[in-house]
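S.K.: Have a look; sequence and predicted model below, questions after that.
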Amino acid sequence: MAFGFIKKVFSFGKKEVIEEKIDETAPLPPLNFEALKDLKAETQPPVETKPVEGSDVLPPLPPEEPAPAPAEPEPTPEEPAPAPTPAIPAPAPVEIPAPAPGPVPAPREIPTEPEPEVQPAETPEPEAPPAPEPAPQEVPAPEAPEPAPVEIPVPPAVPEPEPAPEEVPAPSQPPEPAPVEVPEPAEPSEPELPPAEVPPPVRQPPLETRPVLREIAPEPEAIEISEVAPLPDLPSGKKEADRLPASPPSALPEAPPSTSADAPLAPLLRGEGHFPADAAEISIAASVTPAPQTKPAEGKVTVSKAVEKKAELQKAPEPAPKTTWFQRLRQGLSRSSKELSSNIAGVFTKRKLDEDTLQDLEDVLIRADLGMETAIRITDSLASGRYGKDVSESEVRAIMAQEVEKVLGPVALPLELDLSHKPHVILVVGVNGTGKTTTIGKLAAKLVSGGLSVTLAAGDTFRAAAIEQLKIWGERTGSPVVASKLGADAAGLAYDAFEKAKEAGSDVLIIDTAGRLQNRTELMAELEKIVRVLGKLDPEAPHTVLQTVDATTGQNALNQVEIFRNVAGVNGLVMTKLDGTARGGILVAIAAKHKLPVYFIGVGEQVDDLEPFSASDFAKAIAGVA
Ligand SMILES: Nc1nc2c(ncn2[C@@H]2O[C@H](COP(=O)(O)OP(=O)(O)OP(=O)(O)O)[C@@H](O)[C@H]2O)c(=O)[nH]1
């Protein structure tokens, strides 16, 4: 009976009914016996309408009164009967009771959600004997519909469910008997929550905040510092320092004395200055701290050789411009001049100027590669007016310088370009390794720096390295380079380059050629072909044929110029490698014999080591005259 009644009550879904019954029963007892007897015989209609509920309830209530109290606990014992229900509902009931009692609903629901998913996989759980225990929990399941709608609001706590996954271990425990589960609903929520809230993690971040401030500092430096600094509202007549220390100083002063790295934070923690300013200091301190360490390192560096070299290099460029090329020329020709001077001194030591002396001097000058013609000029000049007199070495060198300058003067000409030709074609020829490609690079740099547009043609199709070398010069000077495959026809390349330079509107086209010995007839024939091909595009092309002459070559250079002049029509010379030769006198001999313009001299391998030829400077340098 009681069960049926209870079920009805639950079916109505009102627990309050039970309580009302209890109150009504109390007063009824005194009236029952007598009234009942009368009432049974007489009429039932009396205002029993009130007990309408009691009509059904009254009779059973007296005996069932004790039941209401245990009613709540009853569900658990009674439910074992429906236990056969699947284990699945079991989790649900666990959730339901839990949310009702405590505000902790969130954690409870969470386990339920994961459980349904886990169930299929954890099917073994239902197999476990604990099933009977979950059954009692199922009893509340019928109640679930009631609380469920009420608890629905609980979901708002859903944000917390995430920690639930951590609680998953709890569901894993369910395989254990119910006793374990019973405490779980109440406790699990609590123990699980603390781990989720994990106070330690909360405290840890503050520890990390220090480094964070450092990292943040550099960013706000530029932006926030400048912007925030002006923002603070200045008190009427007080300084900024007065405003800030007020609040923070008490709580934060302890931090500053931490570490050197925290040092920059000290003022901020003290409340001195404004935050952004401190942020800037922090970043600066971070960058500066290593600096002091580098300073001592610099001190060590000064001791090292590398630094000394750097210091020299830094100072070098300044004096270089004025003395560079001439000093290098003098240094380069110093071997020539010293040898020459020594020999001259040997001739004139304590000797008067006579025929033998003049002959010895002539031999010295010839050995210096100045050539017979120049040697005779010098001796003739010396003999005139000094014959039979004592002559000093310095006098001899001075006269030599004068005569050499006279020989070189006519050939020391500047390179002239006829820009009416578009482009002005410069063909560079010479023996292998005399400095053709290097001279082209130097010249291109000079022309480009002068505002002229230059196109380069890699006509040395015999050497891949030569092509690459010219491309490098092209990159350095910003000049386009026309090149072809290795072994290609040099004349064809020159033709193509000429056309491309025309199309590009270049002011100057400089064509490199393969080095060749003057005795290689086939190669010299190819050089002739190049000149012919260029002439097809412009009868006057090539407008300039430069021959590079290695100053270290000696007398063979005279023959080289002779051959190339005849084959390629050389009309200008560049004397290279004058920065290190004892045979610089050959230039005088070449000039005296061929009378070809000497446009430039090479005094080094660098781009700026191409200097216009100066007869006076060269003559003084080779004669050793200051
Ligand atoms: N010291 C010194 N070296 C130079 C000078 N001119 C060129 N050289 C060097 O001489 C070497 C040959 O120079 P290149 O320009 O390749 O000579 P090249 O005539 O083009 O040689 P090939 O392509 O073989 O015909 C390189 O190592 C240059 O650096 C100079 O004026 N002074």
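M.R.: Received the coordinates, thanks.
S.K.: domain assignment for the protein?
M.R.: Domain ranges of the chain: 2-71, 75-197, 201-229+240-290, 335-410, 412-616, per automatic domain parsing.
S.K.: Can you list the buried residues in stretch 508-517?
M.R.: V508, L509, I510, I511, D512, T513, A514, G515, R516 (16 or more other CB atoms under 10 Å). Placement of C-beta: from N, CA and C, glycine included.
S.K.: Give the closest residue to the fourth one in space, chain neighbours not counted.
M.R.: It refers to I511. With sequence-adjacent residues excluded and distances taken as CB to CB, 6 or more residues apart in numbering, I511 is closest to A457, at 4.3 Å.
S.K.: wait, isn't the one you found in contact with L509?
M.R.: Yes - judged on CB atoms under 8 Å, A457 makes contact with L509 at a distance of 6.5 Å.
S.K.: anything in contact with each of the two?
M.R.: The contact sets of A457 and L509 overlap at A497, F498, A501 (CB atoms under 8 Å, 6 or more residues apart in numbering).
S.K.: The last one: what's it in contact with?
M.R.: Looking back up the chat, that one is A501. When contacts are counted by CB under 8 Å, 6+ apart, A501 touches P423, V425, T455, A457, V482, L509.
S.K.: Counting by contacts, list what the helix or strand where Q359 lies packs against.
M.R.: Per DSSP states H and E, Q359 falls inside helix 355-367. Other elements packing on helix 355-367 under the criterion 3 or more CB pairs under 8 Å, 6 or more residues apart in numbering; DSSP states H and E are helix 320-348, helix 372-383.
S.K.: can you tell which of these is closest to the ligand?
M.R.: Using CB to the nearest ligand atom as the measure, helix 320-348 is the one of the helices and strands packed on helix 355-367 that comes nearest the ligand, at 8.2 Å.
S.K.: Could you list which of the buried residues of stretch 508-517 also contact the ligand?
M.R.: G515 (CB under 6 Å from any ligand atom).
S.K.: Go through the buried residues of stretch 508-517 and name the one nearest the ligand.
M.R.: Closest to the ligand out of these is G515 (2.2 Å), distances taken as CB to the nearest ligand atom.
S.K.: So that closest one: helix, strand or coil?
M.R.: Secondary structure state of G515, per DSSP: H, G, I helix; E, B strand; the rest coil, is coil.
S.K.: Quick check: the gap between it and T438.
M.R.: Computed as CB to CB, to the nearest Å, the G515 to T438 distance reads 12 Å.
S.K.: that older thread, a markdown table please, covering the buried residues of stretch 508-517 and showing pLDDT.
M.R.: Shown next, in a markdown table, are the buried residues of stretch 508-517 (pLDDT from 0 to 100):
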| residue | pLDDT |
| --- | --- |
| V508 | 94 |
| L509 | 95 |
| I510 | 96 |
| I511 | 95 |
| D512 | 93 |
| T513 | 91 |
| A514 | 86 |
| G515 | 80 |
| R516 | 72 |
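S.K.: what does the stretch 301-450 of the chain have sitting close to the ligand?
M.R.: Contact residues (CB under 6 Å from any ligand atom) of the stretch 301-450 of the chain with the ligand: G430, N432, G433, T434, G435, K436, T437, T438.
S.K.: what residues are up against the fourth one?
M.R.: Spelled out, it's T434. T434 touches G515, T548, V549, D550, T553, T576, counting by CB under 8 Å, 6+ apart.
S.K.: doesn't V598 make contact with P414?
M.R.: No - the criterion here is CB under 8 Å, and P414 misses it with V598 at 10.4 Å.
S.K.: In terms of neighbours, single out the busier of these two.
M.R.: Legend: neighbour count by other CB atoms under 10 Å for P414 and V598, higher for V598 (24 against 10).
S.K.: partner residues bridging that one?
M.R.: L573 (DSSP bridges).
S.K.: Roughly how far does it sit from G385?
M.R.: Taking CB to CB as the measure, V598 falls 31 Å from G385.
S.K.: G459 too?
M.R.: Computed with CB to CB, the distance linking G459 and G385 is 53 Å.
S.K.: more crowded one of the two?
M.R.: The neighbour comparison of G459 against G385 (other CB under 10 Å) goes to G459, with 32 against 8.
S.K.: Before we go further, that one is sitting in a helix, right?
M.R.: No - using three-state DSSP, the secondary structure at G459 is coil, not a helix.
S.K.: re earlier: for the residue nearest to I511, which residues are in contact?
M.R.: Shown in contact with A457 (CB under 8 Å, 6+ apart): V481, V482, A483, L493, A494, A497, F498, A501, L509, I510, I511, D512.
S.K.: ditto for F613
M.R.: Per CB under 8 Å, 6+ apart, neighbours of F613: L408, V411, A412, L413, M575, V598, Y599, F600, I601.
S.K.: Leaving out chain neighbours, which residue sits closest to it?
M.R.: Nearest non-adjacent residue to F613, counting by CB to CB, 6+ apart: V598, 4.3 Å away.
S.K.: Quick check: phi and psi on T455?
M.R.: According to degrees, to the nearest 10, the main-chain angles of T455 amount to phi -120, psi 140.
S.K.: Flag every residue of this protein that's near the ligand.
M.R.: 430, 432-438, 460, 463, 466, 515, 548, 576-577, 579-580, 602-605, 609.
S.K.: What about the residues you listed, which are in helices?
M.R.: Counted as lying in helices by DSSP state H, out of the residues of the chain next to the ligand, are K436, T437, T438, A466.
S.K.: rewinding a little: the inter-axis angle of the helix holding Q359 versus helix 372-383?
M.R.: Interaxial angle of helix 355-367 relative to helix 372-383 (axes from the mean of the first three to the mean of the last three CA atoms, to 10 degrees): 140 degrees.
S.K.: any idea how far F618 is from P612?
M.R.: For P612, the distance to F618 (CB to CB) stands at 11 Å.
S.K.: what residues are shared contacts of those two?
M.R.: Common neighbours of P612 and F618, counting by CB under 8 Å, 6+ apart, are I601.
S.K.: These two: which has the busier surroundings?
M.R.: When neighbours are counted by other CB under 10 Å, P612 and F618 differ, and F618 comes out ahead with 28 against 15.
S.K.: Would you mind measuring from that one to L329?
M.R.: F618 is 7 Å from L329, where distance means CB to CB.
S.K.: now swap in K436 and tell me
M.R.: K436 is 21 Å from L329, where distance means CB to CB.
S.K.: And N566, by the same measure?
M.R.: Using CB to CB, N566 is found at 30 Å from L329.
S.K.: cool, V429 as well?
M.R.: 24 Å.
S.K.: With H543 instead?
M.R.: 28 Å.
S.K.: hmm, back to that, counting neighbours around each, name which of V429 and L329 comes out higher.
M.R.: Using other CB under 10 Å as the criterion, V429 and L329 rank with V429 on top: 30 against 23.
S.K.: ok, the nearest residue to G624 once chain neighbours are set aside - how many residues close by?
M.R.: Nearest non-adjacent residue to G624, counting by CB to CB, 6+ apart: S337, 3.8 Å away. Look at S337: counted by other CB under 10 Å, it has 25 neighbours.
S.K.: repeat for the one 3 residues further on
M.R.: The local packing count at L340 equals 26, with neighbours defined by other CB under 10 Å.
S.K.: Tell me who's in contact with the closest residue in space to it that isn't next to it in sequence.
M.R.: Distances taken as CB to CB, 6+ apart put A368 closest to L340, at 4.7 Å, once the chain neighbours are dropped. Shown in contact with A368 (CB under 8 Å, 6+ apart): S336, E339, L340, N343, R583, G585, I622.
S.K.: which of those residues sit farthest apart?
M.R.: N343 and R583 (13.9 Å; CB to CB).
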